[in-house]
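Colleague: pasting a predicted model and its sequence here:
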Amino acid sequence: MSEEKRIIKKYPNRRLYDTATSCYITLEDVKQLVLENVDILVEDAKTHEDITRSVLLQIILEEENGGAPMFSYDMLTQIIRFYGHAMQGLMGNYLEKNLQLFAQMQQRLQDQSKSVYGGDNPMAANANLWGEFMKFQGPAMQNMMTSYLEQSTNMFVEMQQQLQDRAKNLWSGFGFQGFPPPTGDKPNNEGKK
């Protein structure tokens, strides 16, 4: 991202101040900036600490309480269980890559929609038109979902392989049976019988 981040300061009274527009904004305004793909940085006005993540999490919490939650009970409990777990860092990367794949799939669907019907999303205004589009695009959707699931599975397998490689590297230094010594530490048995 070549553009600088838009600085939003959060004051002790919980008010948010957009330095680009020189005015106070709401959490809803911050959400709108995110939806518009504006790169933001929220900082504590007093300590200058980066608190962007906590503000974004607050937006997610409000969205989850707003009616149609995205995260199920099971999903939230699984995420909580990964904190402090050996795979915590890998799980964050896995989820991030999965969301990128899903966004790519969504973009392909939108591109197909535009190529079939032309222009900007005419289906938003007509529920019947959207229903017809989904019937027509059923096989394509299934192929995209299959591709998405395969890519997601491949990412998970890659993540598992990375974890196994790290474990082998860690345990090989201790000389446990079944774990070969690190590459440079192989015992020299050449010429011995």
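Modeller: Nice, I can see it.

Colleague: local confidence estimate at residue 167?
Modeller: At residue 167 the predicted local distance difference test score is 76.

Colleague: please disregard the earlier target; I meant residue 31.
Modeller: Confidence per residue is given as pLDDT, and for residue 31 that number is 95.

Colleague: contacting residues around it?
Modeller: Under the criterion of CB atoms under 8 Å, 6 or more residues apart in numbering, the contact list for residue 31 reads 59, 63. Heads up, the C-betas are built off the backbone N, CA and C, glycines and all.

Colleague: alpha carbons of the particular helix or strand that has it in it, in PDB - could you do that?
Modeller: Secondary structure from DSSP states H and E places residue 31 in helix 27-35. Coordinates of the C-alpha atoms in helix 27-35 are reproduced here as PDB (Å, rounded to 0.1, in the frame of the first residue of the first chain):
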ATOM      1  CA  LEU A  27     -17.500   3.700  15.100                       C
ATOM      2  CA  GLU A  28     -20.000   3.400  12.200                       C
ATOM      3  CA  ASP A  29     -17.900   6.000  10.300                       C
ATOM      4  CA  VAL A  30     -14.800   3.900  10.900                       C
ATOM      5  CA  LYS A  31     -16.700   0.800   9.700                       C
ATOM      6  CA  GLN A  32     -17.600   2.700   6.500                       C
ATOM      7  CA  LEU A  33     -13.900   3.600   5.900                       C
ATOM      8  CA  VAL A  34     -13.000  -0.100   6.200                       C
ATOM      9  CA  LEU A  35     -15.800  -0.900   3.700                       C
END
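
Colleague: which helix or strand in this structure has the lowest average pLDDT?
Modeller: helix 127-172 (a mean of 70; mean pLDDT, DSSP states H and E).

Colleague: and the pLDDT for the residue sitting nearest the centre point of the chain?
Modeller: Residue closest to the average C-alpha location in the chain (CA atoms, centre = their mean): residue 96, at 2.6 Å. The predicted local confidence for residue 96 comes out at a pLDDT of 86.

Colleague: so, low pLDDT: which residues of the protein?
Modeller: Residues of the chain that meet the criterion pLDDT under 70 lie in 1-3, 113-114, 116-146, 148-149, 175-193.
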